[in-house]
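Undergrad: Curious how this folds, go ahead:
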Amino acid sequence: SPQLVLFTRQLWRLCRHQHRQMPRSSGPVIMTGGWMLFLLAALARGNDTVGSKRYTPDWDSLDSRPLPAWFDEAKIGIFIHWGVFSVPSYLNEWFWWLWKGPTPDPAAKLYMDIFYPSGFAYADFAKQFKAEFFDPRQWADIFQASGAKYVVLTSKHHEGFCNWPSPTSWNWNAVDVGPRRDLVGELAQAIRSKTGMQFGVYHSLFEWFNPLYIADAAANYTQQAFVDGKTMPELYDLVERYRPSVIWSDGAPSTSEYWKAKEFLAWLYNDSPVKDFVVVNDRWGSDVECKHGDFLTCADRYHPTVLPKRKWESCMTLDKYSWGFRRNSRIQDCLTNQELIETLVETIAFGGNFLINVGPTAWGTIDPIFEERLLNMGEWLSVNGMAIYDSVPWAVQKDPKRPKLWYTKQRPKAAFNGVSAVYALFADWPAGPDHTLLLPVVKAEPGKMPNCTLLAFETGVSLVAEEREDGLLLKLPSYPPERMQFVWVVRLENVEERS
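TA: Sure, this is the predicted structure:
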C-alpha cells in the first residue's frame, strides 16, 4: 500500500540520519524508544499527507477547501490599478472601451479629437507608459506604513496589456514596450524583501478587443480559442513565475465552464506551488460571483448589512470615480480620511477584508493625496489596530440605535492572560457637558466590574463605567485626544458574551 511504502522510506531515512549523527565507533544503529516515538509521529504526519484531500473540478469540492488563516488575519490590503490607461488618465481605466467601444462616450471622443492627432491609436499610448519614476521599494514602504498586510497589483486589465513579460502577449507587455521592465516581478520582489506583506495579482479573464475573444463571443462561447490560447496560459505563467498569495480574477462575461475555471482552481489547490496558502475571489464566471471562491466580493464597494456566512472582501478605491489615475481629479473626488476609516471599520465589523485601491501615474508615482490617505490610515491603525487585526465579528456588528457605533471581538487566540475583550468603535464624539457614551447592547458579566479602556497613546485611558438598565454608560474625557481622530475605540473587558 502507499502507506507501507511511505513507512519504509521514512524508516530508512531516519535510520540513516541517526547513524550519521553518531560517532564512527557507535556500532550498529539501535532504534531507541525516543526514536520510535519520533518515527511513529512522522508516519502519522505522512499518512495525513497521503490521505489529505484532493479537490476535484466541481464547486462542492472546491468550496470545501479551508480558507488559509493568513487572509482572515490580514484584514487590510492595497489594490493597484496600473496600465496603459494610466497614460490618457481621463474618465477612468475603461478609457479604451469608452473611446472605441460599441457606444462611445462623447467625452472620450472629444478628448482624443482635441489633444491627439488623427490616426492616433490606443496602442500608441503604450509607448508613453514609461514608469520612469517607478521605485518598487518606495511603494513597498508606503504600503507597509498604511497598515496593509497584502498587496494586489494589476497584472492585466481588460485592455489586455500585461505588466509582466507574458509569452502570449508579444509587444503588448511592459517588457517589450513602454517601461521595458517587469513591473509585476519588481514589485513582488520589493514587497517580499522589504516587508512582511503578502503579494497577489489581479488578472482580467477577458480582453475587450482581442480577436480570439471576439470570435469566441460571436460563437456564443461554444468555442474556447481565447481561453486555451490566452487566459489559461497567462494564469499558469503568473502562478509559476511569481507565486502569488492572492489571485484576484475579474471580467468574466460567460460561465465558469467557458473559462475552464474549475479545472484551473483544482490544479491551483492540489498541485501548484502556492496550493497551501493561495486565496482566490469569486469572479470566475457569470455563474460564480457571490457564490464560490475562497472569499466573496459580489460587487465593487460591496457592503452587507447583515453578517455574511462566508469570508468576504470589500474592494473600493480612494478616487470615487475611477480605479485608474485621473489627471483631472479634484480633492473632493477622493475619499476623506473620515470616510476611509469609517468604511474600514464597518467592513471589519461585518467580518470582511478591506481592499483599498490606488491608481499610480504613468510615470510610476503614487499621487500625494493617495499617499497621505494611506499614511493616515496607518497612523490610526498604529493606535487602534488591536480592534482590527486581532478581531472577529461580535454578536452585534453595528448598534441599531447609533449608525456610527460598531463592535468587534478579540480573536480567542489573541486573548491576553485568558481575558478576552469586545471593542466598541464610534465615529461621533458625544456632545454635551457630561461626555458620556451609552452602549445599549453591552452588559457586564454577572458579579464582575467591567474594565474599559479608551485606546490612546501607549497605555490607553481608563474609563469609568456605570451599568444601567439601558446598557453600559461610559464617562469619556472632556475632549477627544488629538491623535485619535476619525473613529475612537474602547476596549471592554468583563462584559457579557452574546449569542
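
Undergrad: From now on I want contacts and neighbour counts done on CA atoms only, so please keep to that.
TA: Will do.

Undergrad: got the buried residues for stretch 117-129?
TA: By 16 or more other CA atoms under 10 Å, the buried positions in stretch 117-129 come out as Phe125, Ala126, Gln128, Phe129.

Undergrad: Show me which of the residues you listed is closest to Val288.
TA: Set against Val288, the nearest of those by CA to CA is Ala126 (33.0 Å).

Undergrad: Report the contact partners of that closest one.
TA: Val84, Val87, Trp172, Val177, Gly178 (CA atoms under 8 Å, 6 or more residues apart in numbering).

Undergrad: Phi, psi for the first one please.
TA: Backbone torsions for Val84, taken as degrees, to the nearest 10, come to phi -60, psi -30.

Undergrad: Which pLDDT value belongs to it?
TA: Per-residue pLDDT puts Val84 at 99.

Undergrad: and what of the one 5 residues further on?
TA: Confidence at Ser89, expressed as pLDDT, is 98.

Undergrad: now it, nearest residue through space, not along the chain?
TA: Arg326 (4.5 Å; CA to CA, 6 or more residues apart in numbering).

Undergrad: Was I right to think that neighbour contacts Phe95?
TA: No - the pair Arg326 / Phe95 is not scored as a contact, 10.7 Å apart, by CA atoms under 8 Å.

Undergrad: which residues touch Thr195?
TA: By CA under 8 Å, 6+ apart, the neighbours of Thr195 are Ala140, Asp141, Gln144.

Undergrad: Narrow the residues you listed to those in helices?
TA: If you go by DSSP state H, the contacts of Thr195 have Ala140, Asp141, Gln144 in helices.

Undergrad: Give the full set of residues in contact with the last one.
TA: Residues in contact with Gln144, defined by CA under 8 Å, 6+ apart, are Thr195, Met197.

Undergrad: at 6 Å what do you get?
TA: By CA atoms under 6 Å, 6 or more residues apart in numbering, the contact list for Gln144 is empty.

Undergrad: returning to what we had before: need the contacts of Thr195 in CSV (columns: distance to Ile348 and pLDDT).
TA: What follows is the contacts of Thr195, written out as CSV (distance: CA to CA, whole Å; pLDDT from 0 to 100):
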residue, distance to Ile348, pLDDT
Ala140, 23, 99
Asp141, 24, 99
Gln144, 19, 99
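
Undergrad: so Leu375 is in which element?
TA: helix 368-384 (DSSP states H and E).

Undergrad: May I have the strands that pair with the next helix or strand after that helix, each with its orientation?
TA: Using DSSP H and E, the helix or strand that follows helix 368-384 in sequence is strand 391-398. Sheet pairing of strand 391-398 (DSSP bridges) gives strand 405-410 (antiparallel).

Undergrad: average pLDDT for the strand it pairs with?
TA: On average, strand 405-410 scores 97.

Undergrad: Same check on stretch 257-266?
TA: On average, stretch 257-266 scores 98.

Undergrad: Give me the contact list for it.
TA: Under the contact criterion CA under 6 Å, 6+ apart, stretch 257-266 has outside partners Tyr55, Thr56, Pro57.

Undergrad: Most neighbours among the residues you listed, please name it.
TA: Tyr55 (21 neighbours; other CA atoms under 10 Å).

Undergrad: Need the pLDDT of that residue.
TA: Here, the pLDDT recorded for Tyr55 equals 98.

Undergrad: what about the residue nearest in space to the middle of the chain, is that helix, strand or coil?
TA: Nearest to the mean C-alpha position of the chain, by CA atoms, centre = their mean, lies Gly77 at 4.4 Å. Recorded secondary structure, Gly77: strand (DSSP: H, G, I helix; E, B strand; the rest coil).

Undergrad: For it, list the residues it contacts.
TA: Gly77 sits in contact with Ala148, Lys149, Tyr150, Val151, Leu355, where contact means CA under 6 Å, 6+ apart.

Undergrad: Just grab the bridge partners of it for me.
TA: Beta-bridge partners, per DSSP bridges, of Gly77: Tyr150, Leu355.

Undergrad: where's it relative to Asn337, distance?
TA: Plainly put, Gly77 is 17 Å away from Asn337 if you go by CA to CA, to the nearest Å.

Undergrad: Low-confidence bits of the chain, can you list those?
TA: Filtered on pLDDT under 70, the chain yields the residue ranges 1-51, 414-418, 481-484, 499.

Undergrad: Tell me who's in contact with Val422.
TA: So Val422 contacts Thr408, Lys409, Leu492 (CA under 6 Å, 6+ apart).
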